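> Pasting the sequence and the predicted coordinates here, then a few questions.
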There are 2 protein chains.
Amino acid sequence: MERLPGFRDFYPEPVPHPDLWSADARQYIFDQWRAVARRYGFREYDGPPLEPLELFTTKSGAEIVGQLYNFIDKGERAVSLRPEMTPTLARMAAAHERHYKKPIKWFALPQLFRYERQQKGRLREHFQFNADIIGEKDPAADAELIALLIDTLRAFGLTADDFVIRLSSRNAWQEFFESGKRESGKAENGNGAYEFFQIIDKLERTPPDESQQKLAALGFSLADVNTFIQAGQPTAELDFILKNLAARGLGDFVKIDYLVIRGLAYYTGPVFEAFDKKGEFRALAGGGRYDNLIKLISAGKVDLPALGFGMGDVVLLELLKARGLLPKFDANVDVFCLIEDETLRPDSLKLISDWRALGLAVEYPLTPAKSDKQFKRAQELKAAHTAKLEKSPAGELLVKVKNLATREEKTAAPSDAARQLMNSQRTSRT
Amino acid sequence: MERLPGFRDFYPEPVPHPDLWSADARQYIFDQWRAVARRYGFREYDGPPLEPLELFTTKSGAEIVGQLYNFIDKGERAVSLRPEMTPTLARMAAAHERHYKKPIKWFALPQLFRYERQQKGRLREHFQFNADIIGEKDPAADAELIALLIDTLRAFGLTADDFVIRLSSRNAWQEFFESGKRESGKAENGNGAYEFFQIIDKLERTPPDESQQKLAALGFSLADVNTFIQAGQPTAELDFILKNLAARGLGDFVKIDYLVIRGLAYYTGPVFEAFDKKGEFRALAGGGRYDNLIKLISAGKVDLPALGFGMGDVVLLELLKARGLLPKFDANVDVFCLIEDETLRPDSLKLISDWRALGLAVEYPLTPAKSDKQFKRAQELKAAHTAKLEKSPAGELLVKVKNLATREEKTAAPSDAARQLMNSQRTSRT
């Protein structure tokens, strides 16, 4: 029986096949995400992977249903696996925002699901680091969020040579759109804005003729659009964000780029995307300000400004692999306990139990095995040490500990051996 | 808009309402599960939360469908959210077992889903710690797995006064069933075994008359069954496991109890459940040996003995709360950076950025705020320290660091302040 197409199995390292996914690499990514979010004072939340379908259509319209894992449950409810986290966040924040001091800084690591027509190798689920700030209008919040994005990518060893944040402004585009409408004398101010944003969003991937034609239909020229993009004149808001990031020493990681606009309808302010500098991969992350969404999701009950970004695990992992930045993962065994004399197995089990209680990762042969086979197993597991119980002529229990890296060997009483192993563990991990 | 009934939202602490769930408590439980599994040399894996429906009906029969979140996806596939992890594990292990040295020791922390008729407050999802050993027939593996279960519960501060592992034997019951059949002269040897196990499984919760009647229908008497249970005579296998656990110093945590049999059809050897000693809660965990399941799931391609257990997050959390064993969770802010002089905001941002890069969790006011309000916020967040940049008369930048627990204050150059904060963090966390 096979898993469903577009879904992933995560195996312990070493993974059996390059096409399979590593549970250790996933955990490594999750650990970095959590660690950096914590440093920035973001708190973790989570919601259900299954939500009422309406939660997603309220935000994105009925068109989204074609891309969802939606169904009718046994209680006749229209439900869907979550395709994104923001509606859940908005629902949760709207329900209990009064309990939390503003700004609320929250993050989550949800698995998200989209049923897209299967393209070869295209995934139908991924994990996403979502970080959001709720309840702060000031662009200082945008800067804080972008700094978190930059430092998250840096935590994996990526540098300003590897990636850049392309910073843009949905409101600058909104103004461009509206003033163009005014100049062309068209009455229907605001109408066509979504279509216009979609054209800009796809500009890089669309032949100029086609873009020109579509823009003309809305009363714009490609030349004017290109002039606006090339001028790259930061708004006062973007200028503030750039200065804030520069003060932090993060100026090199960000540039104004009005080619970025974010396709979705609900952005209301600064928007941004993170890209690898060689342009080999899809966007690493994207986000922006969405000041009206919580009001929409809460049916007007709660009105709070908000902003956030999402960073997926798949493109990130591809980039880290390509740049050689993934660490080597192994079993992290601190001690492999050799049991060569079966009469000492009960005492060995006690030793193993005590060491594990101290926090050491200890492996041993479950059943009697030849000593060379045991030692080979210790090496395969890349254990840091082997340990072996011995009885002195006086009948006293002693432990012979061998450091497999240095080949150094020491014999000590069990309690002294424990202390040495704990110290050695602390040194090697810090 | 509300979340679906039976699903949970996880909020950062302090949670807004006692009926809501804590994301911090969840992460605490996950951290302990991972840490103890690692000490025992178990490696993490995961599969998709959505699987082909057939994977679950192959193992549990068509009856299970009534309890599943199953549906037809847009590619006309019969699919289901996973109600348990073992079929996915068996699928994954069968596909790539040759790549891994035996015994395979794997664990996972999946979210599992069951559509049960809604009872008030009854959940339709939970998280479960699953640990399994594959490829080892010897009861030494059963002992290792039960030791992991015991030490996992101990990692939360639970002791032999709080919980006990009730150890039983599906094969002892199988023998009892078969010898009873032989004595009664009934031909259909083996038939009715599943029904018999179900009666035993429910013995504690069923009126004696009813059990007696059902047993009689299969040719057994309640008196014989009770005599067998009360004798509690360990099989050679269980005796081996008890001795192994006693050698580890874990003898107090386990007792033979033939009332435990585990309802599911596929167990083939020792079975066990963990219970709180006061008997206030449902089982904390349960598991056993299932030597034929991988062969079944792989349609005969792979034949490996296996055993495992599952421990849910919900009952565990209830028990930890009842015993006062949940730690207090807070924002874990190391430093709250006060910005009282706005001309020093750019320098403060640099300081904050540098400290975060060192691994410190740093918060600060995003926008200008009165100094008493800033200090109050630092206290609310239970920050370990406040820090404030100042300029000396000579124009030199200095940091005044205050330990909010000891009220001790020190003024130092930024780099010295960083070193002090790092040392203080290390001390407080170890």
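Arrived safely, thanks for sending.

> I'd assumed residue A:390 was in a strand, is it?
Yes. Applying DSSP: H, G, I helix; E, B strand; the rest coil, one finds residue A:390 inside a strand.

> what's the spacing between it and residue A:417?
Per C-beta to C-beta, to the nearest Å, residue A:390 is found 11 Å from residue A:417. Bear in mind the C-beta positions are built from the backbone N, C-alpha and C, glycine included.

> Find residues that contact each of those two.
Shared contacts of residue A:390 and residue A:417 (C-beta atoms under 8 Å, 6 or more residues apart in numbering or on different chains): residue A:399.

> Compare these two (neighbour count), which wins?
Using other C-beta atoms under 10 Å in any protein chain shown as the criterion, residue A:390 and residue A:417 rank with residue A:417 on top: 22 against 13.

> residues touching that one, list them.
Residues counted as contacts of residue A:417 (C-beta under 8 Å, 6+ apart) are A:387, A:399, A:401, A:410.

> Looking at the residues you listed, point me to the pair that's furthest apart.
Using C-beta to C-beta, the pair of the contacts of residue A:417 lying farthest apart is A:387 and A:410, separated by 10.1 Å.

> who's more crowded, the two?
residue A:387 (26 against 13).

> pLDDT (mean, whole number) over the helix or strand where that one lies?
Using DSSP states H and E, residue A:387 sits within strand A:385-391. What strand A:385-391 shows for mean pLDDT is 96.

> Surely residue A:44 and residue A:37 touch.
Yes. Applying C-beta atoms under 8 Å, one finds residue A:44 in contact with residue A:37, separated by 7.3 Å.

> Looking only at neighbour counts, state which of those two leads.
Taking neighbours as other C-beta under 10 Å, residue A:44 and residue A:37 compare with residue A:37 leading, 24 against 20.

> which bits of the stretch 251-400 of chain A sit near chain B?
By C-beta under 8 Å from any C-beta of the partner chain, the residues of the stretch 251-400 of chain A that approach chain B are A:297-299, A:331-333, A:345-347, A:349-350, A:352-354, A:356-357, A:359-363, A:366-367, A:377, A:380-381.

> can we see that at 7 Å?
Taking C-beta under 7 Å from any C-beta of the partner chain as the contact definition, the stretch 251-400 of chain A meets chain B at A:297, A:331-333, A:346, A:349-350, A:353, A:356, A:359-363, A:366-367, A:380.

> Now restrict those to buried residues only.
Buried by 16 or more other C-beta atoms under 10 Å in any protein chain shown: A:297, A:331-333, A:349-350, A:353, A:356, A:360-363, A:366, out of those.

> Out of these, which is nearest to residue B:201?
residue A:366 (29.3 Å).

> Spatially, what comes nearest to the closest one if we skip its sequence neighbours?
Nearest residue to residue A:366 in three dimensions, chain neighbours excluded: residue B:140, at 4.4 Å (C-beta to C-beta, 6 or more residues apart in numbering or on different chains).

> Helix or strand: which one has the one you found?
helix B:139-155.

> can you list contacts of that helix?
By C-beta atoms under 7 Å, 6 or more residues apart in numbering or on different chains, the list of residues contacting helix B:139-155 from outside reads A:353, A:356, A:366-367, B:32-33, B:35-36, B:40, B:103, B:129, B:131, B:133, B:163, B:165, B:237, B:240-241, B:244-245, B:248, B:250, B:253-254, B:270, B:272, B:274, B:284-285, B:289, B:307-309, B:311.

> next SSE after it?
According to DSSP H and E, the helix or strand after helix B:139-155 is strand B:163-169.

> got a list of what residue A:212 touches?
residue A:222 are the contacts of residue A:212 under C-beta under 7 Å, 6+ apart.

> could you redo the last one with a cut-off of 10 Å?
A:199, A:206, A:220, A:221, A:222, A:223, A:225 (C-beta atoms under 10 Å, 6 or more residues apart in numbering or on different chains).

> Report the buried members of those.
A:199, A:220, A:222, A:225.

> Enumerate every residue touching the third one.
Just to be clear, that refers to residue A:222. Residues near residue A:222 by C-beta under 10 Å, 6+ apart: A:199, A:203, A:208, A:209, A:210, A:211, A:212, A:213, A:214, A:215, A:216.

> what's the closest non-adjacent residue to it?
Per C-beta to C-beta, 6+ apart, closest to residue A:222 is residue A:212, 4.2 Å.

> which of the contacts of residue A:222 sit farthest apart?
Maximum pairwise distance among those (C-beta to C-beta): 14.2 Å, between A:203 and A:216.

> More neighbours: the two, which one.
Set residue A:203 next to residue A:216 and count neighbours by other C-beta under 10 Å: residue A:203 wins out with 18 against 11.

> Now do the strands for the stretch 201-350 of chain A: every range, in order, please.
Along the stretch 201-350 of chain A, counting by DSSP state E, counting those that start in this stretch, strands occupy A:254-256, A:270-276, A:285-289, A:306-312, A:335-338.

> how close does the residue nearest the centre of chain A sit to residue A:28?
Nearest to the geometric centre of chain A sits residue A:129, at 3.3 Å (C-alpha atoms, centre = their mean). Going from residue A:129 to residue A:28 by C-beta to C-beta gives 13 Å.
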